[in-house]
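have a look; sequence and predicted model below, questions after that.
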Amino acid sequence: MTTHAGGQFTRRWRKERREWMTFLLFILPNAILFLVFTYWPICYSFWLSMTDWDLLRPAHAYVGFANYRELVSDPSFWRVLRNTLVYAGTVVVLAQVCAFLLAHLLNAPVYGQGIFRTVAFLPHVTMTAAAALVWVLLLHPQYGPLSSVYSMLALQGPNWLESSGLALAALIVVGVWKETAFASLFFLAGLQGMPRESFEAAALDGAGLLARLRHLTLPLMGPTIFFLAITGVIAATKTFDTVAIMTEGGPVYPASSMYVYHLYVLAFREYRAGYASAFALVFFAITIGVVLAQFRFALRRVHYGE
Amino acid sequence: MNRGRIFWASRFPVYCALICATLLLGLPFFWMVLTSLKSAQEVAVYPPRWWPQTLLWANYAEAWSSAPFARFYWNSIVVACAGAALQINGALLMAYAFAIIRFPGKTLLLVAVISTMIVPEEMKLVPNFLLLNKLGWIDTYAGLIVPGIAQAFPVFVLHQQFRQLPGSLIEAAKADGAGHGRILWQIAIPMSKPVLTATALVALLGQWNAYLWPLVITNSSIMRTLPLGLAYLRKQAEEGSAPWNLLMAAAVFSIVPVVILYVFAQKQFVEGIMRGALKG
Amino acid sequence: MKSHYIRVFTGSVCLGIAVMIGACGEKRPRGVTGTQLAYWRTLSGASGEAQDELVQRFNTANPSTQVTSEYQGTYGDLATKLVTATAARSGPDVTQLGTFEIRQFARSGALVDLRPYLEGARGIDRSDWPPTMARAGEIDGGVYWLPFNVAVPVLYYNTEAFARAGRAAPPETWTEFFSLARTLTVRNEDGAVQQAGLALWSITWPMFSMVWSEGGELTSRDYSNITLNDPVVVKLLAELQSLIQEGSAIMPDKASGGHRAAFVNRRVAMILDSQDAFSEVFKLAHGFMPGVANYPAGVKGKIYAPGGGGLAMLSTCPEDRREAAWSFMRFMLAPEQIGYYAKQTGYAAYSASAQASAGDLLGDPRYAVIHSTLPFIRADFSVNMSPAVRTSFDEAFQKIMVEGADPQTALDAADAKAEAAIKRELS
């Protein structure tokens, strides 16, 4: 059997040699870079996760799977995992809803739409570090502009960043703000690519707004929603800058800490690079699981137009 | 005529909603610009003053001179442009290969490439630093640029785009004796300009905004990029509070180039996304 | 047909080469001859410029050794960079270093033991340093860190608020301090607080002075006896917590400029800070005159925890450069330089000789107050130096002040957590 398969392979090789070589030549530059700068670090991290190393000592101590065993019973692991999942879930869902509505507005034929679009997409373009700094000011109960709103409503403004219950919510607000801008871009592109005729036909048929949404817009937007859900979840789970600048995981650590930030703290503040690597690899496995689950869900629900 | 009436009647609420939405999304920028023009006292005044008493444009000069920002600007431009160009270049070849060229088991390879999107930057920090140190690339443009060239996102988007190229066109070109290099150059690229623009912009943004890797890989201020310049103005909690007005001024002039670029490329951007990412 | 492959590939190759050439072209120009040293520092603004100026002076005075001073971001950024650089066995020769990193870096062999140099022919005379200062960087018998930019505790108070409450002098004891925080609190007719007595810093640094002077301890230097739930600590934190609950104290976040902004904007009458806030407080004080004083005394008298940073030599510095590196450190730590730095930045001129070389600095009574703390300095960074102890205590502090947790319970839990985590750190 092997000889048969091998023979077949050789035959194909003779026929397709040129094509295959071209393929390899084309992927070569990027493939090398992927191997060196992404896959090697993953392998290295795997090895590091078996050690107890602070990055400072010249020698590493091999500890086997001890780091992984410790991780399972580490309350901070479960806490940052929960925070990350709550954050990612909320941001992706809220941003998609907001962006969906916003895209409809931005697609309306009104004068000055260029300006509106530009402002609406600005959050996506801004450096996260700069954006996070402004949000620190904005959310402040007294010094931020929201305080005028609070006093108008005769409310005591919540101190978002200094309350362990609200700090994560504040991060979510910023995440939604940024992701909405990004997602509305895609929804707008999606809306512009929609066949106008089917909508007009549906309107003539007397289909209501909701019916059109359900039977036309949503199915046509399926691929967009799916794409944004995947990239959104991936981006959200990697959140680092906003945590580092706005809350540093506090006020009572790890109230608003997230996975990648915790990983950074472990490696560079607590000098536990080995343990941090175990964290990273578990994160990797979890994210792959989440994305695969999304794919399975999507395969049943999303209809790609061929 | 019916449509005209609906159009006019619907305009008013649309405007209202648009203005509300853009105000909400734009508030941080508005506040950023206003804060950058306030005096140090005014920033911390309670209750907050929306409009500065006098517009202190001098804050910009002061922020600019608080760190070698001219140099940072130049470095950011070099790194972002070269990085984006190389990134797109590599992604073009790879995406074309995955979409058009026959190869056994290429789907598996594609999955291996796309799944690298999940790897967080922080995880690659130490191994890549160790490697670049061996290569002697610490504190060089190469060190800043090369590790970021291979990205999954542009490969993914361009792959989606190339898959939609009409097969008949490619077959015709092949019948004419064109090789894959020529098809890529003369058919695939010209037909994918909006998508290319969009991915190039995304690549540029990523490079422009990066903080952690440039911090770790550069040692001297002549090699630093703009986001690190912001850190010059951000003292840490332990040492006291930040000069918010200067910090915001620096933030404003750090994002201006990408905003301008974005305003000009906006149409292409939207069209590019429409064609690239969304079609199955 | 072939030419298109060539075009595509030469395109990428050319770009690649351009990058490499650009990279090479950017190599820093090498000095003419002699030893090249790299010095990494933190602190921006005046505190950074003054360091660059000192480095410049060293280079002028020692043509055979040329030092390049490079800013590496905040203390945290600097630490991250040092960790990665050490992992790769690269990095600077001499670095500024905060107090958090000393112990771990020293124990992992990342720092050079300075004792042979200190005690050698070209040593440093430390006889007029505050006694504990000389021992601050001592780990397992070696000396790995020497204080450079020293921050000392300073109590800032609003003189007008004091006058209104019928007081002229700042509080002498912590007991007086707590009751004053209550007296100074101004409420309007419906009971809302207009000006609180005290704003707490979100970091725990002032607590060290408070606890020690009241006779409490947080940990022994070798961590064999961690006492985060020491009755004195519990009592003091409970006292602060009740001030917050009564409205006599607030704990502002750092977004608003923290406790400092609250003070300069007259939202509070007192803050516990360091001399680092000095210029900011006097520049921004909004319609009142701030006063400066020492922290109050406790049952044990005055004991003050310093802060700031120091200098260390990294073990990645090759043997043949260490003498030159030491010369540079010695220069930076000499009284003239510490005096100059104090004048330029407001950090403490911590030795008598440095104060002498700072000239008229102490003619300003406010600086005289700052420097009067020096005899009472206890330079013991053991809480900072252990991530286990530091994070457990910070967490408990936040829980008590922000979430209103019961001090005893929170501190018992913190103590247990630190005890459990310290074992791994000590191994």
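Thanks, I have it. This one's a predicted model, so the numbers in the text were calculated from it and none came from an experiment.

tell me the domain boundaries of the chain?
In the absence of a named chain, this looks at chain A. The record's domain parsing of chain A by automatic domain parsing lists A:1-37, A:66-301.

I was thinking of chain C, sorry if that wasn't clear
With automatic domain parsing as the reference, chain C has domains C:4-151+C:306-376, C:153-305+C:386-426.

same list, those, but as JSON lines with mean neighbour count, distance to chain B and mean pLDDT please.
C-beta here means a position set from N, CA and C on the backbone, and glycine is covered the same way. Formatted as JSON lines, the domains of chain C follow (neighbours: other CB atoms under 10 Å in any protein chain shown; distance: least, CB to the nearest CB, whole Å; pLDDT from 0 to 100):
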{"stretch": "domain C:4-151+C:306-376", "mean neighbour count": "19", "distance to chain B": "3", "mean pLDDT": "86"}
{"stretch": "domain C:153-305+C:386-426", "mean neighbour count": "19", "distance to chain B": "4", "mean pLDDT": "91"}
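
wait, which of the domains of chain A is closest to chain C?
Among these, domain A:66-301 comes nearest to chain C, with 4.2 Å by CB to the nearest CB.

for residue C:101, list the residues it contacts.
C:79, C:82 (CB atoms under 8 Å, 6 or more residues apart in numbering or on different chains).

brain fart, residue C:229
C:408, C:411, C:412, C:414, C:415.

for the first one, which non-adjacent residue is closest in space?
The one in question is residue C:408. Using CB to CB, 6 or more residues apart in numbering or on different chains and skipping the chain neighbours, the partner closest in space to residue C:408 is residue C:234 (5.3 Å).

looking at this, that neighbour is in a helix?
Yes: assessed by DSSP: H, G, I helix; E, B strand; the rest coil, residue C:234 belongs to a helix.

can you give me the separation between it and residue C:405?
Distance, residue C:234 to residue C:405, by CB to CB, to the nearest Å: 12 Å.

and for residue B:256?
46 Å.

I'd like to know how many residues surround the residue of chain A found nearest chain C.
Nearest residue of chain A to chain C, counting by CB to the nearest CB: residue A:56, 3.5 Å away. Applying other CB atoms under 10 Å in any protein chain shown, we find 21 residues neighbouring residue A:56.

list the contacts for it?
Applying CB under 8 Å, 6+ apart to residue A:56 gives the contacts A:271, C:83, C:86, C:87, C:104, C:105, C:108, C:109, C:110.

sec struct for it, please.
Secondary structure state of residue A:56, per three-state DSSP, is coil.

which residue, neighbours along the chain excluded, lies closest to it?
residue C:108 (3.5 Å).

equivalent analysis for residue B:124, please.
In space, residue B:124 is closest to residue A:41, 4.2 Å off (CB to CB, 6+ apart).

distance between the host helix or strand of the one you found and the chain's centre?
Element membership for residue A:41 (DSSP states H and E) is helix A:40-48. Relative to its parent chain, helix A:40-48 has a centroid offset of 23 Å by CA atoms, centre = their mean, to the nearest Å.

kindly export that helix (C-alpha atoms) in CSV.
C-alpha atoms of helix A:40-48 as CSV (Å, rounded to 0.1, in the frame of the first residue of the first chain):
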residue,chain,number,x,y,z
TRP,A,40,10.4,29.1,17.5
PRO,A,41,9.1,31.3,20.3
ILE,A,42,6.2,28.8,20.8
CYS,A,43,8.6,25.9,21.1
TYR,A,44,10.9,27.9,23.3
SER,A,45,8.0,28.8,25.6
PHE,A,46,7.0,25.2,25.8
TRP,A,47,10.5,24.3,27.0
LEU,A,48,10.6,27.3,29.3
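
what is the subsequent helix or strand relative to that helix?
strand A:51-52.

walk me through which strands that following strand pairs with, and which way each runs.
Partners of strand A:51-52 in the sheet, by DSSP bridges, are strand A:61-62 (antiparallel).

contacts for the partner strand?
A:50, A:51, A:52, A:53.

report pLDDT for residue 111.
Using chain A. Per-residue pLDDT puts residue A:111 at 80.

not what I meant, chain B
89.

for residue A:238, same thing?
88.

that one reaches residue B:123, doesn't it?
No: if you go by CB atoms under 8 Å, residue A:238 and residue B:123 don't touch, sitting 9.6 Å apart.

these two: which is more packed in?
Counting neighbours by other CB under 10 Å for residue A:238 and for residue B:123 shows that residue B:123 has the greater number, 28 against 22.

dump the residue contacts of the more buried one.
A:41, A:42, A:45, A:263, A:277, A:280, A:284.

go on, residue A:130?
B:32, B:230, B:251, B:254, B:255.

element containing the first one?
Translated: residue B:32. Going by DSSP H and E, residue B:32 is part of helix B:2-36.
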